[in-house]
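In: pasting the sequence and the predicted model now:
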Amino acid sequence: MTMLIMTFFVIFAFIAAIFRKRSLVLLNIGIALILLFTIGTGLAPRIAAQHLQIYAPLLEPEWKSANAIIVLGLGTVEWPGAKYISSPPVGFSRTEEAARLYNDCKKKSENCKLLTTGGDPPQTGLAEADVMARDLTSLGIPIADILIEPKSNNTFQNAQFSSEILRRSSFDQIILVTSGLHMNRSLLYFSHFLIRAIPAPSDYWQAKQTVFPLAYNLTLMD
């Protein structure tokens, strides 16, 4: 999206040049360069990321009698030639954090459940929730303690369908695991369905402050 916006300004400059509108050429090129350097050198994504990533990691939760740990999916990746479907790279932080919280919960409470949520929007044949459940069991989590919601295709539906599952049981505490940049929106959607969750961000993204624009910063801004 960032590159697309800058491309539009360059195209406008080109059109203005055809009609010999020198002032419009300079204006559009100037805006494109300002965007490139403001975003590419890390200033804009740093400010945006700081405003979104406002929650600290949940290092020492106070576990209750009945605890549910929700982990949101981030899509799936189908490996070419291997017939294997996995979470994308960023998604592994969510699975790892959910497993860490579960293991910590089991030290202090008998009733600890994981809820994986996410459908199969790319039609790979395996839902995000099933992929995460598979990965969690490989980390030693008993399948009996994993609830699976495999129908949702976006964050709003994650909240909608997960809330239906959560209401079938009486949980004293609900913890929500997702990426730091994604947490605010996720909490908003869950609150819409009257689910008050404790945020447990699984990662923290930082922009790189540089003199010249980096593709990393442009990607982070997107």
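Out: Everything's here; your move. Residues are numbered from 1 along each chain as shown.

In: which of the residues in the lengthiest helix in the chain are buried?
Out: Assignment by DSSP state H gives helix 22-40 as the longest helix of the chain. Judged by neighbour count (16 or more other C-beta atoms under 10 Å), helix 22-40 contains these buried residues: 25, 28, 29, 31, 32, 35, 36, 37, 38, 39, 40. C-betas here are computed from N, CA, C, even on glycine.

In: using PDB, write down the CA coordinates of that helix.
Out: What follows is helix 22-40, C-alpha atoms only, in PDB (Å, rounded to 0.1, in the frame of the first residue of the first chain):
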ATOM      1  CA  ARG A  22       5.900  22.400 -13.700                       C
ATOM      2  CA  SER A  23       4.500  23.300 -10.300                       C
ATOM      3  CA  LEU A  24       2.400  20.100 -10.100                       C
ATOM      4  CA  VAL A  25       5.400  18.000 -11.200                       C
ATOM      5  CA  LEU A  26       7.500  19.400  -8.400                       C
ATOM      6  CA  LEU A  27       4.600  19.100  -5.900                       C
ATOM      7  CA  ASN A  28       3.900  15.400  -6.600                       C
ATOM      8  CA  ILE A  29       7.600  14.400  -6.800                       C
ATOM      9  CA  GLY A  30       8.200  16.300  -3.500                       C
ATOM     10  CA  ILE A  31       5.300  14.500  -1.800                       C
ATOM     11  CA  ALA A  32       6.600  11.100  -3.000                       C
ATOM     12  CA  LEU A  33      10.100  11.800  -1.800                       C
ATOM     13  CA  ILE A  34       8.800  13.000   1.600                       C
ATOM     14  CA  LEU A  35       6.800   9.800   2.000                       C
ATOM     15  CA  LEU A  36       9.700   7.700   0.900                       C
ATOM     16  CA  PHE A  37      12.100   9.200   3.400                       C
ATOM     17  CA  THR A  38       9.700   9.700   6.300                       C
ATOM     18  CA  ILE A  39       8.500   6.100   6.100                       C
ATOM     19  CA  GLY A  40      11.600   4.400   4.700                       C
END
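
In: and after that helix, which helix or strand comes next?
Out: Using DSSP states H and E, the helix or strand that follows helix 22-40 towards the C-terminus is helix 43-52.

In: chain center to that following helix, what's the gap?
Out: 16 Å (C-alpha atoms, centre = their mean, to the nearest Å).

In: show me what counts as buried in that helix.
Out: 44, 45, 46, 49, 52.

In: packing partners for it?
Out: helix 215-221 (3 or more C-beta pairs under 8 Å, 6 or more residues apart in numbering; DSSP states H and E).

In: using PDB, write down the CA coordinates of the helix it packs on.
Out: The C-alpha trace of helix 215-221 is given here as PDB (Å, rounded to 0.1, in the frame of the first residue of the first chain):
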ATOM      1  CA  ALA A 215      12.300  -1.900   2.400                       C
ATOM      2  CA  TYR A 216      11.800  -3.300   5.900                       C
ATOM      3  CA  ASN A 217      10.400   0.000   7.200                       C
ATOM      4  CA  LEU A 218       8.100   0.300   4.200                       C
ATOM      5  CA  THR A 219       6.800  -3.200   4.900                       C
ATOM      6  CA  LEU A 220       6.400  -2.500   8.600                       C
ATOM      7  CA  MET A 221       4.300   0.600   7.800                       C
END
